[in-house]
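turn this into a model:
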Amino acid sequence: MGTNIFSIGVSGLNASQVALSVVGQNISNANTPGYNRQTFDQAARVPQDQGFGFIGKGVDVTQVMRSYDKYLDGQVLNAQANSNFNSSQLGLLNQIDSMVGDATISLTPAIQDFFSALQAVAKAPSDGSIPSRTNVVSMAQALVGKFRTLDNRLQEIHDGINTNINSTVTSINTLAQKIAGLNNQISALAGNNQQKQPNDLMDQRDNAMQELNKLVSAKSLLQPDGTYSVFIGSGQTLVLGNNAMSLATQPNATNPRDLQVVYPNPNGTVTVMSNSLINGGNLAGLLNVRDNTLLQTEQQLGNIAIDLTTAFNYQQKQGLDLDGNPGQAMFTDLTSFAGRPENAIASMATLLSDPRRVAAASDMVVPSGTVTNGNGVTVSSIYPSLPGSYGWSSTGAPPVYTAPDPTKHPSQGFTSITVSAASTTSITARIVGGPADTPPTPGGTSYNVVVDPNVQNGYKLVDAAGKDLGVGFMMSGQLQASMSFTAVPNTAATYGKGDNSNLAQMLKLQTAKVVDNTRNGSTGALQSFATAYSSTVSYVGNQTSSVQLAGSSADTDLKQTVLARSNVSGVNLDQEAADLIRYQQAYQASSKVIQIAQTLFSQLLQL
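A predicted model of the protein is given here:
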């Protein structure tokens, strides 16, 4: 009997010692990331039949386990991936938003200053305008400088994102190797015995999974040998047993400055993982900002630069400079970047350095300034403007864009334009020579003349469909029946240095809707330069606000899921302290049982 009591006491002592060890482990790891509270199961030994009944033989600890809920852990991983997806975007979007809205580098004041400089020349376009013309050149250079500053800042963010993508892929591979290593240790220690699991190693593996989900959304599948198989994207294996696959990056074939994430194939080749396959985590957030908001911003700014330089170069070539020479391009030709507008600004520059080369005068003139049967009515000015056909065309897929051609303007190479009024509502113009008279027609090609509602006593030439031909003129009074006049090309002999007709058309570009964002897949009507930039600022601001709201919601979801998991698997120090006292008392009681058993045994020996 004493031996039985002794054995029972020893089993109780051992069980209490295990209990104290488990509680001590919990207390020690209360602040360890990823640690799950451990508990244990114990069961009474099979009793012994004593004839009169069954007497117990003590207790055994059957299992030490962790308080783990696979469902709650999966919720935390999803919430973690979603939270990091938004947080990784928000910091970058705040940078872009602050930059495009910064008044010191914003395009809006620079565009306004450039047009104000043109306005000063328009007031006095003759020889005395050299200081004003010099200011036009300076403001053009300043405007290009603003474009370049914005573009450089965006490029810095772009390059930084690519660097972070590369380092994030490296971190993903490191965590994959860690999970594979833990798989190896767990399977070696536990094998297929689900009752004997190295809890601390399993906690480390689950914590590594949470760290992995901060970088990319990943799912795990528990295998019979206790290992995790880890999958990303649409089922691409990242970890299989003790083996980890290594993701890599490579330059994009169509845009080498960008990195693509690639997945290794068994045959040694790689598969490019599109953005749609990379869900959640920092990596997806970086790719989303780079290939959407940032790219869209770069493209919209590039389109503004392309359309601004194209429109001014077009109008500049329709006029004459201060020496009576045909106008030359004011800016570099960016039309070749129409298919990839995000690369345009890097090549943007001001070509005009001589202030005398600002083409303020029209390349058309009415020599006498008088009108046949005009009764005192004269031609105030005749000028080239952007025609109704001005705009971009595209063919093919991917599209090849064709820019507006200034050499196709009716004022280029014409011989004469004769305007005749049969009545106040029946006015025609015959153009001899040039693109508007192709193929050449005897006596010239006839066009209609209509009132220009935007110009006092103004008229414009239109084709049979009513589309603006790009030639307008202003009278000192209204055209009446039988009135007519003829315009000819402006030359050095007829050139008037005080003419600002072409410059007036340049000023109209400030509000002209010539910015075409459909080239980068956007929809909507054409916009003016200022409106297009404001739309870009609004777009970035809306994206930032949207991600901020989504991020706030994701952070709340993460906190709630972490709290729910913590309620199940977290360590409560108050509870552990109570358990510590309880098991200490049990240990002491078992020791007392052993002491009594020893006493009884000694007494038996004495007898």
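
pull up the pairing partners for the least confident helix or strand in the chain by mean pLDDT, direction included.
For the chain, counting by mean pLDDT, DSSP states H and E, strand 48-49 ranks last in confidence among helices and strands (a mean of 82). Its sheet considered, strand 48-49 pairs with strand 54-55 (antiparallel) by DSSP bridges.

what's the helix or strand following the partner strand packed up against?
Where DSSP states H and E defines the elements, the next helix or strand beyond strand 54-55 is strand 59-66. Here strand 59-66 touches helix 2-28, strand 38-44, helix 199-215, going by 3 or more C-beta pairs under 8 Å, 6 or more residues apart in numbering; DSSP states H and E. For the C-beta atoms, the positions are set from N, CA and C on the backbone; glycine is no exception.

hang on, the earlier thing: contacts for the least confident helix or strand of the chain next, please.
4, 54-55, 57 (C-beta atoms under 8 Å, 6 or more residues apart in numbering).

now do stretch 393-402
335, 338-339, 392, 519.

give me the buried subset of those.
Buried by 16 or more other C-beta atoms under 10 Å: 335, 338, 392, 519, out of the contacts of stretch 393-402.

what sits against the residue nearest to the last one when sequence neighbours are not counted?
If I follow you right, that is residue 519. Residue nearest to residue 519 in three dimensions, not counting chain neighbours: residue 338, with 5.6 Å by C-beta to C-beta, 6 or more residues apart in numbering. Shown in contact with residue 338 (C-beta under 8 Å, 6+ apart): 306, 392, 401, 403, 519.

mind listing which of the residues you listed are in helices?
residue 306 (DSSP state H).

which of the contacts of residue 338 sits closest to residue 29?
Closest to residue 29 out of the contacts of residue 338 is residue 519 (58.6 Å), distances taken as C-beta to C-beta.

need the pLDDT of residue 593.
On the pLDDT scale, residue 593 is placed at 86.

can you check residue 514 too?
93.

so what's it up against?
Residue 514 touches 307, 310-311, 386, 390-391, 526, 528-529, counting by C-beta under 8 Å, 6+ apart.

show me where pLDDT drops low in the stretch 101-250 of the chain?
Residue ranges of the stretch 101-250 of the chain with pLDDT under 70: 127-128, 191-195.

which parts of it are helices?
Per DSSP state H, counting those that start in this stretch, the stretch 101-250 of the chain carries helices over the ranges 107-123, 130-190, 199-215.

between those, which gets nearest to residue 17?
Across these, residue 17 has its closest neighbour in helix 199-215 (17.7 Å, C-beta to C-beta).

where exactly do the strands run in the stretch 451-600 of the chain?
458-462, 468-475, 484-489 (DSSP state E, counting those that start in this stretch).

other residues contacting the shortest one?
Read it as strand 458-462. So strand 458-462 is in contact with 385, 388, 410, 417, 419, 427, 429, 431, 447-452, 468-475, 479, going by C-beta under 8 Å, 6+ apart.

give me that answer again for 10 Å
Residues outside strand 458-462 that contact it (C-beta atoms under 10 Å, 6 or more residues apart in numbering) are 380-383, 385, 387-388, 410, 417, 419, 421, 427-429, 431, 436, 447-454, 468-475, 478-479.

for it, which strands pair with it and how are they oriented?
In the sheet, strand 458-462 lines up with strand 445-451 (antiparallel), strand 468-475 (antiparallel) (DSSP bridges).

mean confidence for the last one?
So that's strand 468-475. If you average the pLDDT over strand 468-475, you get 94.

and what of the shortest one?
On average, the pLDDT along strand 445-451 is 96.

any buried residues in that strand, and which?
Going by neighbour count (16+ other C-beta under 10 Å), the buried part of strand 445-451 is 445, 447, 449.

of those, closest to residue 607?
Looking across these and measuring by C-beta to C-beta, the closest to residue 607 is residue 447, at 137.9 Å.

follow-up on the earlier one: now pLDDT and distance to residue 186 too, for the buried ones among the contacts of stretch 393-402, in a markdown table please.
Below are those laid out as a markdown table (pLDDT from 0 to 100; distance: C-beta to C-beta, whole Å):
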| residue | pLDDT | distance to residue 186 |
| --- | --- | --- |
| 335 | 94 | 62 |
| 338 | 91 | 58 |
| 392 | 88 | 62 |
| 519 | 75 | 55 |
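
any chance of these in CSV, with distance to residue 242 too?
Shown next, in CSV, are the buried ones among the contacts of stretch 393-402 (distance: C-beta to C-beta, whole Å):
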residue, distance to residue 242
335, 57
338, 53
392, 58
519, 51
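
now, which of these sits nearest residue 541?
residue 519 (22.8 Å).

what does the nearest residue to residue 68 once chain neighbours are set aside show for phi and psi?
Leaving aside its chain neighbours, residue 68 sits nearest to residue 36 (5.1 Å; criterion: C-beta to C-beta, 6+ apart). Main-chain dihedrals, residue 36, degrees, to the nearest 10: phi -110, psi 140.

for residue 36, what are its contacts?
26, 29, 65-69, 73, 199-200, 202-203, 206-207, 565-566, 568-571.

which among these end up buried?
Taking 16+ other C-beta under 10 Å as the criterion, what is buried in the contacts of residue 36 is 26, 29, 65-68, 73, 199-200, 202-203, 206-207, 565, 569, 571.

of these, closest to residue 331?
Distance to residue 331, by C-beta to C-beta, is smallest for residue 207 among the buried ones among the contacts of residue 36, at 56.9 Å.

apart from its chain neighbours, what residue comes closest to the closest one?
Spatially, and ignoring its direct neighbours in sequence, residue 207 is nearest to residue 34 (2.6 Å; C-beta to C-beta, 6+ apart).

also residue 302?
residue 341 is the one closest to residue 302 (C-beta to C-beta, 6+ apart), at 3.2 Å.

just residue 443 next, same as before
Closest to residue 443 by C-beta to C-beta, 6+ apart is residue 430, at 6.2 Å.

could you check which helix or strand contains the one you found?
strand 427-432.

buried set for that strand?
427, 429-432.

using a markdown table, lay out those residues together with distance to residue 161 and pLDDT.
Below are the buried residues of strand 427-432 laid out as a markdown table (distance: C-beta to C-beta, whole Å; pLDDT from 0 to 100):
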| residue | distance to residue 161 | pLDDT |
| --- | --- | --- |
| 427 | 59 | 95 |
| 429 | 56 | 96 |
| 430 | 59 | 96 |
| 431 | 54 | 96 |
| 432 | 58 | 96 |
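
mind putting the residues you listed in a markdown table, distance to residue 49 included?
Below are the buried residues of strand 427-432 laid out as a markdown table (distance: C-beta to C-beta, whole Å):
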| residue | distance to residue 49 |
| --- | --- |
| 427 | 126 |
| 429 | 125 |
| 430 | 128 |
| 431 | 123 |
| 432 | 128 |
